[in-house]
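>>> Predicted model and sequence below, questions to follow.
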Amino acid sequence: MQVTTTRPKITATADGEGVVSHAGSRLLADVADRTTLTGQLAEALAGLRKPRALHDPGRVLVDMAVAVADGATTISDIAVLADQAALFGSVASDSTCWRLLDRLDTAGLGAIARSRAAAREVVWAQRAELSAEPFPLATAAGRVLPGLVIDLDASVVVCHSEKELAAPTFKKTFGFHPMLAFCDNTGEFLAAQLRKGNAGSNTAADHIEVLDAALAQLPDTHRHGTPILIRADTAGCTREFLAHIRSRRDGSVSCEFSVRWAIRDPERTAIAAIGKKVWADAIDADGGHCDGAALAEISRVLPARSLVGYPAGTRVIVRRERPHPGAQLDAFEEADGWRYTAFATDTRVGQLAHLDARHRAHARVEDRIRCAKDTGLDHFPSRSFAINAAWLTVVMLAVDLIAWTQHLLLHGELAKAEPKTLRYRLLHVAARLTRGQRRLWLRIQRTWPWARDLAAAFTGLTALPVPAG
């Protein structure tokens with residue numbers, strides 16, 4: 001039998017020169033420098049640098065974040081950068097990275113958080129110069145949401161070996177249960193708290209701590225001068241947490257909340273008391289009519305004790321819809337034929353349909369978490385809880401570097417691409433390094449479909465304004 005193939009025959013040799021891989025990841029490293037992140041971290045961690053040390057701690061942290069954005073899941077994967085000194089310069093060894101993470105205590109992590117906030121302010125200012133707006137506008141059901149939106153959620157990270165404070169989770173797995181906060185407008189990973197696996201989902205203190213850390217990441221002019229919507233699931237519907245959101249108004253932070261509300265006997269009694277004409281039509285994710293779904297506010301028919309302790313003006317809105325095949329229903333829903341969900345908000349104005357669509361857009365946080373888990377969040381490398389908490393900070397840096405690169409330098413599909421797609425199209429691209437005209441040239445294969453996009457991103461990087469000093 002004669003074998004036919006369309007693949008060209010090759011002969012492999014080991015004598016190539018000037019060829020580098022992961023060329024696009026150099027863009028992330030340069031973004032860290034151009035947005036002042038590297039310099040901010042170097043200054044914040046200057047106290048950790050030993051005399052005559054070869055590597056600056058801030059630069060080491062940035063290199064780790066670049067490696068994680070590139071796809072690293074372990075600290076030893078820093079070799080992806082270290083093995084290509086011609087492209088990435090002098091990169092610390094994995095043992096140096098381990099030592100740095102081990103030395104990052106609470107004060108060190110706080111200094112890193114302040115450095116991230118300072119660099120974020122630069123990034124938003126750079127974006128404002130490029131597009132006349134510091135951040136993209138969040139949307140829901142085809143409408144623009146005013147101001148900023150912060151989504152809070154907790155997620156289980158499974159561990160496959162014994163790690164400090166790893167514990168059985170409510171999902172019958174074993175690992176950690178970190179609390180996370182993302183900016184829906186930009187996709188930035190604002191804040192996180194690493195927690196043991198059996199940490200409560202509705203722990204108000206954890207929600208408050210992560211929310212305050214997330215708000216501290218926003219530039220001052222936007223934290224105090226922009227409406228901010230805080231969204232969470234049922235775990236965030238505690239009196240203490242919602243009261244804390246309301247209290248932030250005393251500090252000139254214009255916060256509102258939209259959180260899922262649990263349906264219990266008082267809510268079922270209130271639903272049964274609602275007349276048929278009270279229900280208003282719901283809309284779908286595109287703003288069109290949603291068949292078989294309707295909304296009603298039950299705040300005034302709930303027992304007075306149900307809202308005791310909640311901020312004044314808290315509204316409870318119920319959504320009913322025909323259950324999907326296989327949906328688990330309680331006895332009330334089985335008898336009624338509808339599936340019910342509810343959310344609470346202190347927003348005073350707006351049609352119920354749009355308030356509902358705005359809240360349901362909280363589901364986007366699941367996409368943020370999934371992408372973060374594809375960028376280092378799904379694997380904690382150490383037995384030490386403190387080192388794993390430091391690793392979580394590296395993950396936040398990596399997610400932000402990708403988001404900043406997309407908002408500042410990429411366009412079209414690439415500006416919205418998920419990490420896996422971005423790695424294939426840009427970050428893992430091979431190229432040739434050549435010298436000429438007293439500069440180093442990165443020559444990308446001209447037939448690569450996204451070669452021009454990557455080259456344009458490098459060119460655009462040099463045009464980004466840098467603050468004086």
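Arrived safely, thanks for sending.

>>> make it CA atoms for all contacts and neighbour counts henceforth
OK.

>>> All the helices of the stretch 1-150 of the chain, residue numbers only.
25-34, 37-44, 57-70, 79-82, 85-88, 94-103, 106-131 (DSSP state H, counting those that start in this stretch).

>>> Please apply the same query to the stretch 301-450 of the chain.
Using DSSP H, counting those that start in this stretch, helices in the stretch 301-450 of the chain cover 331-336, 352-360, 364-372, 385-409, 419-422.

>>> so what's Leu152 closest to, chain neighbours aside?
Ala181 (4.5 Å; Cα to Cα, 6 or more residues apart in numbering).

>>> again with Arg383
Lys163 (4.3 Å).

>>> now swap in Ile208 and tell me
Nearest residue to Ile208, sequence neighbours excluded (Cα to Cα, 6+ apart): Phe241, at 6.1 Å.

>>> Show which residues not belonging to the strand or helix carrying the one you found make contact with it.
According to DSSP states H and E, Phe241 maps onto helix 239-247. With Cα atoms under 8 Å, 6 or more residues apart in numbering as the test, helix 239-247 has contacts from 204-205, 207-208, 236, 255-257, 309-311.

>>> Can you give me the domain boundaries for this protein?
19-110+382-463, 135-371 (automatic domain parsing).

>>> quick check: mean pLDDT across the first one?
Read it as domain 19-110+382-463. Here domain 19-110+382-463 scores 95 as its mean pLDDT.

>>> Where is the longest strand in the chain?
Counting by DSSP state E, the longest strand found in the chain is strand 289-297.

>>> Pairing partners for the residue nearest the centre of the chain in the sheet, please.
By Cα atoms, centre = their mean, the chain has its centre lying nearest to Phe189, at 3.4 Å. Bridge pairing for Phe189 (DSSP bridges) gives the partners Phe182.

>>> Pipe the domains of the chain into a markdown table and attach distance to Thr13 per row.
Listed next are the domains of the chain as a markdown table, based on distance: least, Cα to Cα, whole Å:
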| stretch | distance to Thr13 |
| --- | --- |
| domain 19-110+382-463 | 13 |
| domain 135-371 | 38 |
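
>>> right, and those - which one's nearest Trp124?
When the domains of the chain are ranked by proximity to Trp124, the top entry is domain 135-371, at 6.5 Å, counting by Cα to Cα.

>>> next one: the closest one to chain centre, how far?
16 Å (Cα atoms, centre = their mean, to the nearest Å).

>>> got the end-to-end distance for that domain?
20 Å (Cα to Cα, to the nearest Å).

>>> I'd like the mean pLDDT over that domain, please.
Per-residue scores along domain 135-371 average to 91.

>>> Could you export the helices of the stretch 1-150 of the chain as TSV, including mean neighbour count?
Below are these laid out as TSV (neighbours: other Cα atoms under 10 Å):
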stretch	mean neighbour count
helix 25-34	22
helix 37-44	22
helix 57-70	27
helix 79-82	20
helix 85-88	16
helix 94-103	16
helix 106-131	19
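
>>> Kindly present those helices as JSON lines, with separate columns for distance to Thr345.
Shown next, in JSON lines, are the helices of the stretch 1-150 of the chain (distance: least, Cα to Cα, whole Å):
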{"stretch": "helix 25-34", "distance to Thr345": "38"}
{"stretch": "helix 37-44", "distance to Thr345": "36"}
{"stretch": "helix 57-70", "distance to Thr345": "36"}
{"stretch": "helix 79-82", "distance to Thr345": "47"}
{"stretch": "helix 85-88", "distance to Thr345": "49"}
{"stretch": "helix 94-103", "distance to Thr345": "40"}
{"stretch": "helix 106-131", "distance to Thr345": "28"}
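
>>> Out of those, flag the one nearest Thr375.
helix 57-70 (5.7 Å).

>>> Send me the closest one as CSV with only the CA atoms.
Once non-C-alpha atoms are left out, helix 57-70 reads as follows in CSV (Å, rounded to 0.1, in the frame of the first residue of the first chain):
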residue,chain,number,x,y,z
PRO,A,57,11.9,41.2,44.3
GLY,A,58,9.5,43.4,42.3
ARG,A,59,10.9,42.2,39.0
VAL,A,60,10.8,38.6,40.3
LEU,A,61,7.1,39.0,41.1
VAL,A,62,6.4,40.4,37.7
ASP,A,63,8.2,37.6,36.0
MET,A,64,6.2,35.1,38.0
ALA,A,65,3.0,36.8,37.0
VAL,A,66,4.0,36.8,33.3
ALA,A,67,4.8,33.1,33.5
VAL,A,68,1.4,32.4,35.1
ALA,A,69,-0.4,34.4,32.5
ASP,A,70,1.6,32.4,29.9
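
>>> can you give me the angle it makes with helix 37-44?
140 degrees (axes from the mean of the first three to the mean of the last three Cα atoms, to 10 degrees).

>>> thinking again about what came up before, surely the residue nearest to Leu152 and Ala191 touch.
Yes - counting by Cα atoms under 8 Å, Ala181 does reach Ala191; the two are 5.2 Å apart.

>>> picking up where we left off before, mind listing what the residue nearest to Arg383 touches?
Neighbour list for Lys163: 175, 382-385 [criterion: Cα under 8 Å, 6+ apart].

>>> Out of those, the closest to Val91 would be?
Among those, and counting by Cα to Cα, the member closest to Val91 is Ser382, at 21.1 Å.

>>> hang on, the earlier thing: give the buried residues for the longest strand of the chain.
293-297 (16 or more other Cα atoms under 10 Å).

>>> Now Glu43. Nearest residue, chain neighbours left out?
Gly58 (7.5 Å).

>>> burial of Ala166, as a residue count?
Residues within reach of Ala166, counting by other Cα atoms under 10 Å, total 22.

>>> In space, what's closest to it - neighbours in sequence excluded?
Nearest one to Ala166, counting by Cα to Cα, 6+ apart, is Gly175 at 4.6 Å.

>>> Now do the host helix or strand of that neighbour: everything it contacts.
Assigned by DSSP H and E, Gly175 belongs to strand 174-176. Taking contacts as Cα under 8 Å, 6+ apart, the residues outside strand 174-176 that touch it are 156-160, 163, 165-169, 194-198.
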